[in-house]
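J.: Any chance you could fold what I've pasted below:
(2 chains)
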Number of protein chains: 2
Amino acid sequence: MPIPMQDLSEWYTQVIEKAGLAEHSPVRGCMTIKPYGWALWENIQRPLDEAFKATGHQNAYFPLFIPLSFLAREAAHVEGFAQECAVVTHYRIQTDPVTRTVQPDPEAKLEEPLVVRPTSETIIWNTFKNWIQSYRDLPLLINQWANVVRWEKRPRLFLRTTEFLWQEGHTAHATAEEALAEARQMLEVYARFVQDYLAIPVIKGRKTPTERFAGAVETFTIETLLLDGKALQAGTSHFLGQNFAKAFEVKFLNAQNELEYVWATSWGVSTRLIGALILSHGDERGLVLPPRVAPIQVVIVPIWRSEAQQAQITEAAHRLAQQLREKGLRVKVDDDPHHRPGWKFNEWELKGVPLRLTLGPRDVEDNTVEVSWRHTGQKATHPQPAVVQACASWLEEMQRELFVRAQERIQRQTHRVDSYADMKAILEKERGFILAHWDGNAETELAIKEETGATIRCIPLEGEKEPGRCIYTGRPSEQRVLFAIAY
Amino acid sequence: MPIPMQDLSEWYTQVIEKAGLAEHSPVRGCMTIKPYGWALWENIQRPLDEAFKATGHQNAYFPLFIPLSFLAREAAHVEGFAQECAVVTHYRIQTDPVTRTVQPDPEAKLEEPLVVRPTSETIIWNTFKNWIQSYRDLPLLINQWANVVRWEKRPRLFLRTTEFLWQEGHTAHATAEEALAEARQMLEVYARFVQDYLAIPVIKGRKTPTERFAGAVETFTIETLLLDGKALQAGTSHFLGQNFAKAFEVKFLNAQNELEYVWATSWGVSTRLIGALILSHGDERGLVLPPRVAPIQVVIVPIWRSEAQQAQITEAAHRLAQQLREKGLRVKVDDDPHHRPGWKFNEWELKGVPLRLTLGPRDVEDNTVEVSWRHTGQKATHPQPAVVQACASWLEEMQRELFVRAQERIQRQTHRVDSYADMKAILEKERGFILAHWDGNAETELAIKEETGATIRCIPLEGEKEPGRCIYTGRPSEQRVLFAIAY
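T.: Model prediction:
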């Protein structure tokens, strides 16, 4: 069942808070990630971390603070981040002897202010300088799981927060080709993860120069479309050329014994993925979590009418849970005596638990259980042993169905458009992805953005490549690009 | 083989940098944790995280920044941390139009400065206020894995760094007894982990009021003694009473429908544990890593004399590695053609890999392999199938032996002392743990500290409790306390 689109923003905030994923903190723009939200993040981190390691990357950790002068070394980079940097200027606080208020100690001012990392290219390339001497030190394939800070004027839980959690990969290579291949490989890793685990369909593409990462030569992106027809950038992978190597003087001796600048990539996904997840699958009853990342895959609700029944049925529920856990599933028994079954049904639906098993007095007698599928609302009663056998495959089926459902939705929301008037009409009515021709010109891009609010999300890497005429200027275009109004 | 104690500090820094665990960063006091060090940290995090979850705790995440006014609410707390707080005062940077230098934008000054968390009691208790209404919300058992910042004047890699990584548990309870029991339980969890995984013997105890955490009613600690006879606090668990509940007005309705302040604990261990590890087991050849946390448990070094041999022996090495991996071991084959075997032996000994298997042409013919034990230097040649069978149990044996060896060392370094003159003599000669009587007086504690440099590490929870006379004042004492010069 769909959610009313005009209230989506309100629905989004409500569902996050009520489902216990996160909440606003008293520090403006920062969120508190609650246990249920953190469990989801752990289930996102684990397979990603495995995928990074399987492609030869190693984790490391670099300082939270970046000296101002480092940030300034790459001109485009500092320009891109200057507006959103949290700056540490003092290293001590004191209580004012007169007013009794606590304040930064004026005697403890830093000689050089430090920026709380908005991203770590500069501090990492300053370090790579010492780690790389010859081609035998390359490729250097590093990833870091960390918190970063980008001051947000209009924060939204998960989608845009001043502090967010992410991983940032930073790699160094001997050739441009190898670095480009790495950037493309990590885009594939992201696309596969987001599609296979989060059941979110994505379009892979290149960013236009206007939309590139500050300091990148090429930015690859995976873009998706959410329930309300707005686009979301779910992950990016950058080919940085030799920009950071030059800014930090990182050279290596090649096999011919010549000094060369190193080639770089960086790539990242963040807690924003949780926002994407919520806005891809949710419905009027709340979250719908894909089974592979759901903190709880199966919830069992025992129903009793007397105290004698309570003990017996609760015990049966725990026995059933144990059998499911032995199949490798994440199971919760909700035997809380303080809430009624109806309250629990709503609660676990709100939290998006994929399967609910309801166990009443009759079920215990008959050795059956009622199964309820979160994504369709479908219900059926089956013998318990059959359910124990089938649960894992039902979950895998649900995982696939969620992906297909999202894919069909996005297909419906995607429009091949050949006139600017049509594009404006569609954007005003329902937003969505617009596949249209563009002349490759930054001014055209800007004009369209100013007039419609839509930006070029990416130049798709896959799909048809037929030439045409720019929707705005009529000038020739090599392929359609993907426009949308973005989060 | 022991390391020369007069050079221990130099040895420590060298071994960390050469083994690739970590290095100093250009940001004063902050370190870069290199891939090998990070892999070790992951092997510390995993079992700890499992132990927290097994005792009913859930992970969550709270903001990096704490408003100054929050910190100020608990008087002892702010006093304890004021000297070491990094303060964010601006949220934007700009390039000065005249000097072209980058600086904090004076137009973007925060109304209230933010402190980078030195610990999270204040921000968390401000949040708990909204999470706790009735006794049914208790106990609330939360843990967070995070980075924290405490400005360090004399930083040392892992042991004292301005930014460090840790976990901090924060729990809320209905009664003082329950909170105290939680604090004691987590001390046990720490002690078991440090002894079983890091093979580091610890003494569990209470801190004296002088040495308590800022804001705690009682601080429990695990203390160990390092190779040089200096003590290290390896983990602490605090009973916070109702101090933070009162500072942040966190009350709950008890079963009798009365409002009461909540009882609290907090507890943490950090990347400092890696420092403890290095300084508990290392020797003149470098690191000695306990097998349970070693990133690489077995390294296989193939030795060849001709190119024909190289292919054959390398292949045999990888086959052997595969067999060991199937036994669940972490194995590395060092088939790098750029280094000679002798260089590799030194390298992997420096990195503390527990077992080395050397595979030469003769071994391949005979289906044997030479095994070398890092902690004893012992060597033996065995048939390959026997080695595949035995490796896991050799590693477990080594794990136990390292613990026993450290335990015997600490026993040798521990002195029951009944005269102040003896205590001073021992401290001057070899430091170590001093078990001596103390009159319970803070002035006595301070006088001893000023005269000898030794502090009371803890009042041991276990062991004999016979009364005596204070070593310094001759006044009565209930039990011996543990003195040492500490890191």
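J.: Mean pLDDT per helix and strand in chain A: which one sits at the bottom?
T.: Sorting the helices and strands of chain A by mean pLDDT, DSSP states H and E puts helix A:75-81 at the bottom, at a mean of 88.
J.: other SSEs contacting that helix?
T.: Other helices and strands packing on helix A:75-81, by 3 or more CB pairs under 8 Å, 6 or more residues apart in numbering or on different chains; DSSP states H and E, are helix A:68-71, helix A:243-247. C-beta here means a position set from N, CA and C on the backbone, and glycine is covered the same way.
J.: Adding distance to chain B and mean pLDDT, write the ones you listed out as JSON lines.
T.: Output for the helices and strands packed on helix A:75-81, formatted as JSON lines (distance: least, CB to the nearest CB, whole Å; pLDDT from 0 to 100):
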{"stretch": "helix A:68-71", "distance to chain B": "5", "mean pLDDT": "92"}
{"stretch": "helix A:243-247", "distance to chain B": "14", "mean pLDDT": "96"}
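J.: Tell me which strands the following helix or strand past the least confident helix or strand of chain A pairs with, and in which orientation.
T.: Per DSSP states H and E, the first helix or strand lying C-terminal to helix A:75-81 is strand A:87-90. Using DSSP bridges, strand A:87-90 pairs in its sheet with strand A:109-116 (antiparallel), strand B:87-90 (antiparallel).
J.: Quick check: what element follows strand A:87-90 along the chain?
T.: Following strand A:87-90 in sequence, per DSSP H and E, is strand A:93-95.
J.: now check that following strand, is it near chain B?
T.: Yes - interface with chain B: strand A:93-95 contributes A:93-95 (CB under 8 Å from any CB of the partner chain).
J.: Please state the offset of the very next helix or strand once past that strand from the chain centre?
T.: Per DSSP H and E, strand A:93-95 leads on to strand A:102-104 as the next helix or strand towards the C-terminus. Between the centre of strand A:102-104 and the centre of its chain there are 37 Å (CA atoms, centre = their mean, to the nearest Å).
J.: Contacts for strand A:102-104 next, please.
T.: Strand A:102-104 has contacts (CB atoms under 8 Å, 6 or more residues apart in numbering or on different chains) with A:89-90, A:92-96, B:68-69, B:71-72, B:78, B:82, B:87, B:89, B:113.
J.: Of the residues of strand A:93-95 next to chain B, just say which sits nearest to chain B.
T.: A:Ile93 (4.9 Å; CB to the nearest CB).
J.: per-residue pLDDT, that closest one?
T.: For A:Ile93, the model assigns a pLDDT of 95.
J.: Quickly note the distance from it to B:Gly80.
T.: According to CB to CB, to the nearest Å, A:Ile93 and B:Gly80 sit 12 Å apart.
J.: Neighbour count for these two, which is higher?
T.: A:Ile93 (23 against 17; other CB atoms under 10 Å in any protein chain shown).
J.: hey, what's the more buried one bridged with?
T.: Beta-bridge pairing for A:Ile93 (DSSP bridges): A:Pro104.
J.: that older thread, list the buried ones in the least confident helix or strand of chain A?
T.: Buried residues in helix A:75-81, counted by 16 or more other CB atoms under 10 Å in any protein chain shown: A:77-78, A:80-81.
J.: what helices or strands is the longest helix belonging to chain A leaning on?
T.: Longest helix of chain A, by residue count under DSSP state H: helix A:384-413. Helices and strands touching helix A:384-413, by 3+ CB pairs under 8 Å, 6+ apart, are strand A:218-225, helix A:272-281, helix A:307-326, strand A:355-359, strand A:368-373.
J.: Check the offset of it from the chain's centre.
T.: 21 Å.
J.: what does stretch A:344-356 contact?
T.: Residues contacting stretch A:344-356 (CB under 8 Å, 6+ apart): A:15, A:18-20, A:36, A:281-282, A:285-291, A:294, A:296-301, A:332, A:334, A:336, A:339, A:371-375, A:391, A:394-395, A:398.
J.: which of those are buried?
T.: Here, 16+ other CB under 10 Å leaves A:15, A:19-20, A:36, A:281-282, A:285-291, A:294, A:296-301, A:332, A:334, A:371-375, A:391, A:394-395, A:398 buried among those.
J.: How much space separates the residue of chain A most remote from its centre from chain B?
T.: In chain A, A:Val98 marks the outermost C-alpha relative to the chain mean, sitting 48.2 Å out by CA atoms, centre = their mean. Using CB to the nearest CB, to the nearest Å, A:Val98 is found at 15 Å from chain B.
J.: same question, A:Lys429
T.: 38 Å.
J.: Mind exporting the C-alpha coordinates of the helix or strand containing that residue to CSV?
T.: Using DSSP H and E, the element containing A:Lys429 is helix A:420-430. Extracted C-alpha coordinates of helix A:420-430, given in CSV (Å, rounded to 0.1, in the frame of the first residue of the first chain):
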residue,chain,number,x,y,z
TYR,A,420,11.5,20.5,-23.0
ALA,A,421,7.8,21.3,-22.5
ASP,A,422,7.1,17.6,-21.8
MET,A,423,10.0,17.4,-19.4
LYS,A,424,8.7,20.4,-17.4
ALA,A,425,5.2,19.0,-17.3
ILE,A,426,6.4,15.6,-16.1
LEU,A,427,8.7,17.1,-13.5
GLU,A,428,5.9,19.3,-12.2
LYS,A,429,3.4,16.5,-12.1
GLU,A,430,5.3,13.5,-10.7
